[in-house]
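Visitor: Compute the structure for the input listed below.
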Amino acid sequence: MAIHIVLYQPEIPPNTGNIARTCAITGAKLHLIKPLGFSIDDKHVKRAGLDYWEHLDLEVHEDDHAFFEKYGHEKLYFATTKADRYYDEFKFEDECFIVFGKETAGLPAYIHERYSETRFKIPMRQHEHLRSLNLSNSVAIILYEALRQNAFFDLK
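Guide: Okay, the predicted model is just below:
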């Protein structure tokens, strides 16, 4: 049993390190879709993840085509500020994949078009200077909601 967290072309090492730590502690599998804005060996990634990396279930995909070829038939959800529905309107099943876009650009247009029915957003105040939450915070919010919906598996 696991929830899959997918980072589409992550750019900021500490975000990915924090997310890796959250995945390791919850048993979620982390998928990274290249190109990455850093090396996985980067000291900033490792520092943020501390000594949790050895406990992380990690899969790296060469590009989005490789990811969708392997997992495109699975239950996929997409976090985006461009969605019309909120995350609490979805049931995140065990073994689902929750995809988050890159920090500076989000997800590409073809994903928005192809997966429009499984896109969601996190409620945020609307303001011209406030674009979105930090990626690692967004992942934590949604991952714990998915775990809550699935009775936290065996975390308790």
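Visitor: Determine the number of other residues adjacent to Tyr115.
Guide: 16 (other Cβ atoms under 10 Å). Heads up, the C-betas are built off the backbone N, CA and C, glycines and all.
Visitor: What score does it have for pLDDT?
Guide: With respect to pLDDT, Tyr115 scores 95.
Visitor: Ser136 now?
Guide: 95.
Visitor: Could you do Glu103 as well?
Guide: 93.
Visitor: OK, contacts around it?
Guide: Listed by Cβ atoms under 8 Å, 6 or more residues apart in numbering, the contact partners of Glu103 are 10-12, 15, 135.
Visitor: likewise Asn15?
Guide: 48, 103, 134-136.
Visitor: what about 10 Å?
Guide: 7, 37-38, 44-45, 48, 100, 102-103, 134-139 (Cβ atoms under 10 Å, 6 or more residues apart in numbering).
Visitor: Check it and give its pLDDT.
Guide: Reported pLDDT for Asn15: 91.
Visitor: sec struct for it, please.
Guide: helix (DSSP: H, G, I helix; E, B strand; the rest coil).
Visitor: Can you flag the buried ones in the contacts of Asn15?
Guide: 7, 37-38, 45, 48, 100, 102-103, 135-136, 138-139 (16 or more other Cβ atoms under 10 Å).
Visitor: can you give me the strands in this structure?
Guide: Secondary structure of the chain (DSSP state E): strands at 4-8, 29-33, 57-61, 76-79, 97-100, 119-120.
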